[in-house]
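# Here is a sequence with its predicted model. Questions after.
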Amino acid sequence: MIYTYSFTNEFFEDMRNNINRNQILDVIDFLKINIQSKENLHYCGSEDIYQNYGKNGDNADPLDHFINSFFQTSARSNFLNKEKNTDIIFYGNNEKVNQNVFKINCNKILYDLKSLKKQIEKKIEDDWTNENGKKDLNQKLNQLLKFSKSIIFVDRHIPACIVSNVPVQLKQWRLSLDFYNSLISKYSKINSFFINGINDRIIRDYIKIIEKNKPNEIIDLIYKIKKLKEAQSNAKKNNEPFNDTIELESCLKKIEFEGKEILKKDLKKFFLPLSDIKTYVMIKDKDAWRELHDRYIFFFFEEFNIEKHTLEEFVRDKNLNIFEVSEGLNILDVKSKTTSNRKIIRQKDKIAAQISKKWDKKVSKLPHFYKFRANQEKKAS
């Protein structure tokens, strides 16, 4: 997941005047290796904290150099000036900090280094598993959402789930979508997208189901196709010509079209739990099925225009975190507890770059079966 840190003035005062030259170099090395190098750890403090430090004092030169290089490499605009969201605070040795966060001072770095490193690694774990439970999942997703401007859910299997119509799966999905809606609705400026896939097999299976269920809007068409197929079969048995081939083909095209339209209605109904956040739902057509094999959640720290931007540029600028979700985004079971065997794992920058490149080259360019906003239709008054 992602985590944040900040510094107090007193921490820099200790670095400047209250430790020796060798010790400040040890502290700086610690910060570079154990904090700045972490892909999932971001500075969320003030831009102004550096103005009064590094100019005077026993350790002015190394502190000044550290401050200048830190701001150039580790201070990203979309995280700055959000100290209230800090997870780790670096504070003075004699300073009292009331925040309920993980606290680190110079003494801890200098005299308890081994234990501190272990504590940090545990604090900034990069994944969530079902064993961690729903409370931990809530906390970690909220931490991501605090800094996100756009979010994309990727799970190709929803149209197939609608076709299979397994009650347990449908309930899991409804509760999971309610969960996502509740989380994201707290953050009014987040744009959300849900990308699925469909293929010819799913469409054929769906048409078979509606032929069996005979919905009112196509019952006459189903009856007509049945009669035409019977006539075609009898003609073949009797070695006679079948003169209504064109009409049968026309009826089959009509029922395919009507089946797709009914499936679209069912998709809109399926995504109603995301009405509050008006998620933009995109069902990619046919060839996308293969490319959408893995399930992901993309968190963007700058607003993402899905029609114009590329994932690759957002990864390059460190404005996108990609999380792989094992076995599906139906993250809650029928009792609203986290589903077994689920894992959410942040992809390292190198892997994220590979995923984004493939996505931009293949998935983003593929056509859509259907696009719509999740929205509760208003009844006519």
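Nice, I can see it. Values in this document were obtained by computation on a predicted structure and should not be read as measured data.
# For the rest of this, base every contact and every neighbour count on C-alpha atoms.
OK.
# for stretch 68-88, how far is the first residue from the last?
21 Å (CA to CA, to the nearest Å).
# Show me which residues of it are buried.
The neighbour-count check on stretch 68-88 (16 or more other CA atoms under 10 Å) flags 74-75, 78-79, 82-83, 85-88 as buried.
# Lowest-confidence entry in those residues?
The pLDDT minimum for those sits at residue 75, where the score is 77.
# show me the contacts for it.
Going by CA atoms under 8 Å, 6 or more residues apart in numbering, residue 75 touches 42-44.
# the helices in the chain, which residues?
Ranges of helices within the chain are 9-13, 21-31, 60-74, 106-111, 113-123, 133-145, 158-164, 167-184, 200-213, 219-237, 245-270, 288-291, 311-316, 349-361, based on DSSP state H.
# Turn these into TSV, columns for distance to residue 281.
Conversion of the helices of the chain to TSV gives the following (distance: least, CA to CA, whole Å):
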stretch	distance to residue 281
helix 9-13	47
helix 21-31	42
helix 60-74	35
helix 106-111	48
helix 113-123	35
helix 133-145	19
helix 158-164	11
helix 167-184	12
helix 200-213	18
helix 219-237	29
helix 245-270	9
helix 288-291	15
helix 311-316	18
helix 349-361	17
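# Least reliable of these by average pLDDT, please.
Among those, helix 288-291 carries the lowest mean pLDDT, a mean of 80.
# Using CSV, write down the CA coordinates of it.
The C-alpha atoms that make up helix 288-291 are tabulated as CSV, following Å, rounded to 0.1, in the frame of the first residue of the first chain:
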residue,chain,number,x,y,z
ALA,A,288,-10.0,-7.6,-24.9
TRP,A,289,-11.1,-10.8,-23.1
ARG,A,290,-7.6,-12.3,-23.4
GLU,A,291,-5.8,-9.1,-22.6
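# buried set for that helix?
For helix 288-291, burial by neighbour count (16+ other CA under 10 Å) applies to 288-289.
# Then stretch 145-155?
Neighbour-count burial for stretch 145-155 flags 145-155 (criterion: 16+ other CA under 10 Å).
# Could you tell me which of these belong to strands?
Taking DSSP state E, the ones among the buried residues of stretch 145-155 that sit in strands are 150-154.
# Just the terminal-to-terminal distance for stretch 335-342.
This stretch, stretch 335-342, spans 15 Å end to end (CA to CA).
# List the contacts of it.
Stretch 335-342 is contacted by residues 129-130, 133-134, 172, 175-176, 325-328, 330-333 when judged by CA under 8 Å, 6+ apart.
# How far off centre is it?
Averaging C-alpha positions (CA atoms, centre = their mean, to the nearest Å) puts stretch 335-342 18 Å from its chain's average.
# Now that stretch: average pLDDT?
90.
# Much appreciated, bye for now.
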